[in-house]
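S.K.: Sequence first, predicted coordinates after that:
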Amino acid sequence: MSGSVSKNGCAEKNGGATTVYLGHVVDPVDEDQYRDIPAGALIVSGDGRIMAVGKWSDLSERYSSSSKIVDCGRKLIMPGMIDMHIHLPQVTQIGKSGDTLLSWLEKYIFPAESKFSDLSHAEKIAAWFFDELASNGTTLAVVFTTVHKEATDAAFRIAADKGMRAIMGKVMMDRNAPPTLLEDSQNSIRDSEGLASKWHGYDDGRLLYAFTPRFAITATDELLRECGKLWQSSPGTYLHTHLSESREEVDKVASLFPQSRSYLDVYDRSGLCGARSVFAHSIHLDDEDLQVMHGKKCALAHCPSSNFFLKSGVFPIDRVKAAGVEFGLGSDVAAGPQMSIFGVMKDANFIQPKIWISPRELFYRATLGGAKALRLEERLGSLEVGKEADFIVIDPTLKNACPKDILDHGTDEILSTIVFLGDDRMIDATYIRGRQVFGRGKGSNAGSELHKVRGGK
Ligand code: GUN
Ligand code: ZN
């Protein structure tokens, strides 16, 4: 094998050359199927596109002499995780429980978000947040920041510099929030418009903008309608909000918007339902809501760990699927007490009292299913030729609880183990558009030796 060889799975961006990643490629196709390529190869161009994927024995003749080779042994190479709903400022509040949604917001979340008026605090937390995403194997996150324009601008700048991928936006709130977080409606619109025109589409779409009214309770009719107009006149941008998470919230929305048929209808009347609108939670919905969401091509972010934590209810997965509404998974940190989408996959199965969701489906929801819901499946979500090379290298044996011979088992068993035991400890390396944003072996050979021993090759 010629070409330069790095065995630690952690090569830096490859200065324009093609890189070959050798490993066990597992790639989602749909809810029931995945491509399974042991002794596989992922070939990535210098500009971070997938040039080929397949068995190394079929590709080696073409690529071995001209490419840099990163040998990951029998570790798994999978598309990166997509987190469809997460709050950047809330990483400081993970694990603080004891209340249902509305009092939890008042007690922990609004005070934590108020601190983002301090730009140096905002920068520090944003840097931490994006590093955590990378080390958890999340290669695309749909992110709430806070109401603060400067803090949000800093979050975009830090994501840009770190090579991270995000759909992100400034939170909009013009009522029912503490004075430290309340905005004038017109300023909220103007600041959001300014941030969108600065950041939406940055680096060929690595960063995208989402208009982000927090939820109906903290928005006036005027804010929602102006936001709807702005979103609809900003092609390719997203609309990201919360919907029907807790019963208490649903009742309050009904009293604030008595003219609306349902919670979803509040958003629909304001022009906030359509392709690229992302509704987090969406638990307490009736069939008409689901029909509207399907007809208007809205996306849902299912956040099971958060729903467990705040005791919000059970996502009606069977009705959502029957209605044909597209959905993926969200961590909803900090109501969700973990960033790992592996933990979220596990909880998506555990929270259903009667329905069993297979590891294959959970893997799909966390990757290609999320990309589809976000209308990004042409570019992201799986390891197909022509897509951007967002992928992770997973070594299940890095986690102590994992059976040490797991890589000798069939791929369905490996997948199941990753789904039910997985967390950041299994992530060996994370790449976004071919650039490494996290790696255990970075700067040391200790990692490569460990892989040799445990990976068996
Ligand atoms: N609804 C409105 N704001 C929030 C939030 O910050 N977290 C969650 N889980 N739900 C919300
Ligand atoms: Zn949320």
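M.R.: Thanks, I have it. Numbering: from 1, shown residues only. Ligands and ions are numbered 1, 2, ... in the order given.
S.K.: Spit out the contact partners of the residue in the chain that ligand 2 sits nearest to.
M.R.: Of all residues in the chain, residue 332 sits closest to ligand 2, at 4.5 Å by Cβ to the ion. Every residue, glycine included, has its C-beta placed from N, CA and C. Contacts for residue 332 (Cβ atoms under 8 Å, 6 or more residues apart in numbering) come out as 85-87, 280-281, 301, 303, 305-306.
S.K.: that's a strand at it, yeah?
M.R.: No: going by DSSP: H, G, I helix; E, B strand; the rest coil, the assignment for residue 332 is coil, not a strand.
S.K.: how close does it get to residue 104?
M.R.: 12 Å (Cβ to Cβ, to the nearest Å).
S.K.: hang on, the earlier thing: confidence score at the residue of the chain closest to ligand 2?
M.R.: Note on residue 332: pLDDT of 98.
S.K.: Show me which residues of the protein are close to ligand 2?
M.R.: Residues of the chain found near ligand 2 (Cβ under 5 Å from the ion) are 280, 332.
S.K.: Go ahead and flag the most central residue of the chain.
M.R.: residue 83 (1.5 Å; Cα atoms, centre = their mean).
S.K.: doesn't it fall inside a helix?
M.R.: No: counting by three-state DSSP, one finds residue 83 to be strand, located in no helix.
S.K.: so what's it bridging to?
M.R.: With DSSP bridges as the criterion, residue 83 is bridged to residue 141.
S.K.: I'd say it and residue 142 touch.
M.R.: Yes: judged on Cβ atoms under 8 Å, residue 83 makes contact with residue 142 at a distance of 6.9 Å.
S.K.: what sits in contact with each of the two?
M.R.: With Cβ under 8 Å, 6+ apart as the test, residue 83 and residue 142 both reach residue 330.
S.K.: Could you give the number of residues near residue 47?
M.R.: 11 (other Cβ atoms under 10 Å).
S.K.: How is this structure divided into domains?
M.R.: Domain segmentation of the chain under automatic domain parsing yields 19-80+381-454, 81-373.
S.K.: lowest-confidence stretch among those?
M.R.: domain 19-80+381-454 - the lowest mean pLDDT of the domains of the chain, at a mean of 91.
S.K.: what residues does the stretch 151-300 of the chain put near ligand 1?
M.R.: 214-215, 242, 245 (Cβ under 6 Å from any ligand atom).
S.K.: doesn't residue 188 fall inside a helix?
M.R.: Yes: assessed by three-state DSSP, residue 188 belongs to a helix.
S.K.: ok now do it, which residues does it touch?
M.R.: Contacts of residue 188 by Cβ under 8 Å, 6+ apart are 147, 172-174, 223.
S.K.: Which stretches in the stretch 1-150 of the chain count as helices?
M.R.: For the stretch 1-150 of the chain, the helices defined by DSSP state H, counting those that start in this stretch cover 56-63, 101-104, 110-114, 119-135, 149-162.
S.K.: which other residues reach the longest one?
M.R.: This means helix 119-135. Helix 119-135 is contacted by residues 83, 86, 88-89, 91-92, 115-116, 141, 146, 148, 150-151, 154-155, 158-159, 162, 164, 339, 424, 427, 430, 432, 437-438 when judged by Cβ under 8 Å, 6+ apart.
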